[in-house]
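K.L.:
coords please:
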Amino acid sequence: MGVKIGTRKRLANAARRVFARKGYHTATLDDIARSARIAKGTVYLYIRHKDDLITLIAEQEMSSILSRLEEISDSISSPSLRLRSALILLVERVMEYERTGLAVLMRDLYGVKGKVLEQVQQQKQKIIRFFTDLFEEGIRQKEFRQMNVPMASFIIFSLVGALVHKEMRLPIESPHSFVDAFLDILMKGVESQ
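P.N.:
All right, here's what the predicted structure looks like:
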């Protein structure tokens, strides 16, 4: 790994810790430099301002999620089983964010603007696209009924995203039991038969 990439990674990891502890808006580059054990002047060789770090962290998180979703796509042929695995992955990630304090950062992402917001939105669209492709394939394979696929994809992504918000959080004993209950409602509906 090159020095520049390694230092950027150290800065991103330090920023995660500081943002989780202090919140994005309160944290300073001094705090991050201190946590990374890098001189503040050196920080500016790798990033221009704090927004660059939030972008880097968001890109790392989304890239990691997208990579795992790709692995799920490559290893599971059934769209319904792929949906279950993808949801478990996302719920596990949300639970990890809570354990590590990264949920504070993810909630703070709703307050960012400009280029950072645009880049985060592009990454979110890739995840929504994963669900869109999954639903379309499930319809073709007759595992899913005809539906408004863009709306279904957006709803799935939004519901998982809502788990990050303290005000909306449901108690989750395990990702598997949560996803099974969620899929029961999603796949069978709420109408009595």
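K.L.:
what residue is smack in the middle of this protein?
P.N.:
residue 62 (5.4 Å; Cα atoms, centre = their mean).
K.L.:
lowest-confidence helix or strand of this structure?
P.N.:
helix 102-108 (a mean of 59; mean pLDDT, DSSP states H and E).
K.L.:
Would you map the helices across this protein?
P.N.:
Using DSSP state H, the helices found in the chain span residues 3-22, 29-36, 40-46, 50-75, 79-100, 102-108, 114-140, 149-162, 175-188.
K.L.:
tilt between the second one and helix 3-22?
P.N.:
For helix 29-36 against helix 3-22, the angle between stretch directions is 110 degrees (axes from the mean of the first three to the mean of the last three Cα atoms, to 10 degrees).
K.L.:
Give me the angle between helix 29-36 and helix 50-75.
P.N.:
Orientation of helix 29-36 against helix 50-75 (the same axes, to 10 degrees) gives an angle of 50 degrees.
K.L.:
CA atoms only: put helix 29-36 into CSV for me.
P.N.:
Provided in CSV are the C-alpha atoms of helix 29-36 (Å, rounded to 0.1, in the frame of the first residue of the first chain):
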residue,chain,number,x,y,z
LEU,A,29,-9.2,18.7,11.9
ASP,A,30,-7.0,19.2,14.9
ASP,A,31,-8.9,16.5,16.7
ILE,A,32,-8.6,14.2,13.7
ALA,A,33,-4.9,14.9,13.2
ARG,A,34,-4.2,14.2,16.9
SER,A,35,-6.2,10.9,16.8
ALA,A,36,-4.3,9.8,13.7
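K.L.:
Which strands or helices does that helix pack on?
P.N.:
helix 3-22, helix 40-46, helix 50-75 (3 or more Cβ pairs under 8 Å, 6 or more residues apart in numbering; DSSP states H and E). Placement of C-beta: from N, CA and C, glycine included.
K.L.:
One more: the fifth one?
P.N.:
In terms of contacts (3+ Cβ pairs under 8 Å, 6+ apart), helix 79-100 is packed against helix 50-75, helix 102-108, helix 114-140, helix 149-162, helix 175-188.
K.L.:
Take those and write them to CSV, including distance to residue 24.
P.N.:
Output for the helices and strands packed on helix 79-100, formatted as CSV (distance: least, Cβ to Cβ, whole Å):
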stretch, distance to residue 24
helix 50-75, 6
helix 102-108, 4
helix 114-140, 10
helix 149-162, 17
helix 175-188, 26
